[in-house]
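Participant: dropping a prediction and its sequence here:
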Amino acid sequence: MSELPVLISRDDVVRLLKNSDLIPRLEKVMGMFSKRNNAEVIQPLRTIIPLHKYNGFVGMMPAYVAHEDILATKMVSLYRRGNDSVLPAHQATVLLFDPERGNVTAVMDGTAITEKRTAAVSAISAKLLMPARAEVLCILGSGPQAVSHYEVFTEMFSFKEIRVWSRRRERAEQFASALQGPVTVCSSVKDAVVGADVIITVTLATEPVLLGEWVKPGAHVAAVGACRPNWRELDDALMREAVVYVDSREGAAAESGDIILSGASVFAELGEVINGTKPAEREKTTVFKSLGMGIQDAVSAKLVFDQWKSQL
Ligand SMILES: NC(=O)C1=CN([C@@H]2O[C@H](COP(=O)(O)OP(=O)(O)OC[C@H]3O[C@@H](n4cnc5c(N)ncnc54)[C@H](O)[C@@H]3O)[C@@H](O)[C@H]2O)C=CC1
Ligand SMILES: O=C(O)C1=NCCCC1
């Protein structure tokens with residue numbers, strides 16, 4: 001008989017998942033993914049179950065990383081709820097398997113994993129693609145992803161100014177006052193974006209909020225929202241003028257409204273830049289279109305589980 005899986009809570013995931021451990025593992029696995037060696041990394045396109053009745057969907061994200069022997073599946077839900085809902089937009093759970101025996105060894109909070117690994121991947125994109133002397137960071141959106149992005153970006157880089165814009169100004173003010181350092185709350189997207197060197201879009205928008213005409217030439221955009229083929233965060237001008245990087249070409253072609261509807265061509269996967277097979281065009285305006293990958297959750301979950309076991 002297999003042992004019962006352990007349950008790992010959100011608090012434990014937050015405590016155990018450190019960016020300094022996570023980032024090198026994400027870089028390694030994204031580099032491996034971009035080599036398209038199916039014996040090494042297996043990550044099917046995620047399966048989506050639309051829940052039109054509830055204005056949401058559930059995504060299933062299985063992945064196997066042979067070299068590290070990590071087998072995991074994340075189940076994540078996303079609901080576009082009304083402004084007054086107290087429920088979160090995203091909720092996720094990760095199942096970590098014993099690949100040899102086939103049983104589930106751990107069931108852990110995937111919501112914190114999603115927040116941390118998504119922000120860590122955006123930080124990797126910025127490390128590789130942002131202009132050499134980046135001074136101004138702009139965050140569009142003020143939800144959990146805005147918080148996790150703020151945390152890792154301030155841990156990894158030193159910006160002179162950090163700006164935030166949110167659809168409801170009071171949310172941006174709450175976001176700014178809950179953080180450790182100074183953040184400028186902006187009243188319009190344009191005010192937040194003009195002159196920024198790095199722009200992070202973490203909104204639930206379905207129409208473009210970020211227009212290319214406001215973006216400083218050479219800036220880097222980490223575009224994290226708009227994860228359905230008919231949703232947008234960025235306008236056609238930005239998508240067509242920028243050098244576009246993605247996490248997975250297959251994921252982007254199937255799910256990214258910004259890529260599909262603008263007709264923009266994908267220049268490279270981040271993994272190809274990590275591998276040195278495609279250049280980092282730092283001097284040009286760059287967009288990293290993030291959609292999220294099962295392998296990112298798998299390496300994060302394994303890291304959490306190993307840390308959890310080492311503390312027993
Ligand atoms: N690429 C990836 O791997 C992942 C992407 N995401 C995406 O990141 C984004 C942010 O996630 P959370 O912070 O959890 O979401 P959230 O719902 O908590 O926050 C979203 C923010 O967008 C704003 N917003 C909502 N509708 C808007 C609109 N029409 N125009 C402009 N702003 C609007 C809200 O006011 C809020 O500030 C979402 O689009 C989510 O799907 C989330 C997880 C992983
Ligand atoms: O990768 C993920 O996890 C997600 N990506 C897009 C939005 C839902 C969660």
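Facilitator: Perfect, thanks for sending it. Numbering: from 1, shown residues only. Ligands and ions are numbered 1, 2, ... in the order given.
Participant: rest of the way, CA atoms for contacts and neighbours
Facilitator: Noted.
Participant: and Asn83, how many neighbours does it have?
Facilitator: For Asn83, the neighbour count with other Cα atoms under 10 Å is 7.
Participant: confirm it sits in a helix?
Facilitator: No: counting by DSSP: H, G, I helix; E, B strand; the rest coil, Asn83 is not part of a helix but coil.
Participant: ramachandran coordinates for it?
Facilitator: Dihedral pair for Asn83: phi -60, psi -30, per degrees, to the nearest 10.
Participant: what does the stretch 51-200 of the chain put close to ligand 2?
Facilitator: Neighbours of ligand 2 within the stretch 51-200 of the chain, by Cα under 6 Å from any ligand atom: Val76, Leu78, Thr114.
Participant: which of those residues has the most neighbours?
Facilitator: Thr114 (26 neighbours).
Participant: wouldn't that residue be in contact with Ala298 here?
Facilitator: No: applying Cα atoms under 8 Å as the test, Thr114 and Ala298 come out as separate, 10.8 Å apart.
Participant: overlap of the contact sets of those two?
Facilitator: With contacts defined as Cα atoms under 8 Å, 6 or more residues apart in numbering, no residue is shared by Thr114 and Ala298.
Participant: how about the strands in the stretch 151-300 of the chain?
Facilitator: 161-165, 184-185, 198-201, 220-223, 243-246, 266-269, 286-289 (DSSP state E, counting those that start in this stretch).
Participant: where in this protein is pLDDT low?
Facilitator: For the chain, the stretches flagged by pLDDT under 70 are 1-2.
Participant: longest helix in it, please.
Facilitator: The longest helix of the chain (DSSP state H) is helix 111-129.
Participant: quickly run through the sheet partners of the next helix or strand after that one, with directions.
Facilitator: Later in the chain than helix 111-129, the nearest helix or strand by DSSP states H and E is strand 136-140. Strand 136-140 has the following strand partners under DSSP bridges: strand 161-165 (parallel), strand 198-201 (parallel).
Participant: please state the offset of strand 136-140 from the chain centre?
Facilitator: 15 Å (Cα atoms, centre = their mean, to the nearest Å).
Participant: picking up where we left off before, so which of the residues of the stretch 51-200 of the chain next to ligand 2 reach ligand 1?
Facilitator: Within these, those near ligand 1 by Cα under 6 Å from any ligand atom are Thr114.
Participant: out of the residues of the stretch 51-200 of the chain next to ligand 2, which one sits closest to Leu22?
Facilitator: Thr114 (12.3 Å; Cα to Cα).
Participant: which one is the closest one nearest to, not counting chain neighbours?
Facilitator: Residue nearest to Thr114 in three dimensions, not counting chain neighbours: Asp297, with 7.1 Å by Cα to Cα, 6 or more residues apart in numbering.
Participant: same check, this time on Ile8
Facilitator: If the residues on either side of it in the chain are set aside, Ile8 comes closest to Met108, at 4.5 Å by Cα to Cα, 6+ apart.
Participant: so who does that neighbour touch?
Facilitator: Going by Cα under 8 Å, 6+ apart, Met108 touches Leu7, Ile8, Ser9, Arg10, Val13, Thr93, Val94, Leu95, Ala301.
Participant: from Glu255, how far off is whatever residue of the chain ends up closest to ligand 2?
Facilitator: Nearest to ligand 2 in the chain, going by Cα to the nearest ligand atom, is Gly292, at a distance of 3.3 Å. Note on Gly292: its distance to Glu255, by Cα to Cα, to the nearest Å, is 11 Å.
Participant: now Glu241
Facilitator: Per Cα to Cα, Glu241 is found 21 Å from Glu255.
Participant: more crowded one of those two?
Facilitator: Glu255 (20 against 15).
Participant: what helix or strand is Gln91 located in?
Facilitator: In this structure, Gln91 sits in strand 90-97 according to DSSP H and E.
Participant: is the helix or strand just after that strand positioned near ligand 1?
Facilitator: Using DSSP H and E, the next helix or strand after strand 90-97 towards the C-terminus is strand 104-109. No: legend: contact between strand 104-109 and ligand 1 by Cα under 6 Å from any ligand atom is lacking; minimum distance shown is 13.7 Å.
Participant: give the partner strands of strand 104-109 in its sheet and their orientations.
Facilitator: Strand 104-109 is paired, per DSSP bridges, with strand 6-8 (parallel), strand 90-97 (antiparallel).
Participant: go through stretch 242-255 and flag the buried ones.
Facilitator: For stretch 242-255, a neighbour-count test (16 or more other Cα atoms under 10 Å) marks Ala242, Val243, Val244, Tyr245, Val246, Asp247, Ser248, Arg249, Gly251, Ala252, Ala253, Glu255 as buried.
Participant: return the residues in contact with the third one.
Facilitator: For Val244, the residues meeting the contact criterion (Cα under 8 Å, 6+ apart) are Ala264, Ser265, Val266, Phe267, Ala268, Thr286, Val287, Phe288, Lys289.
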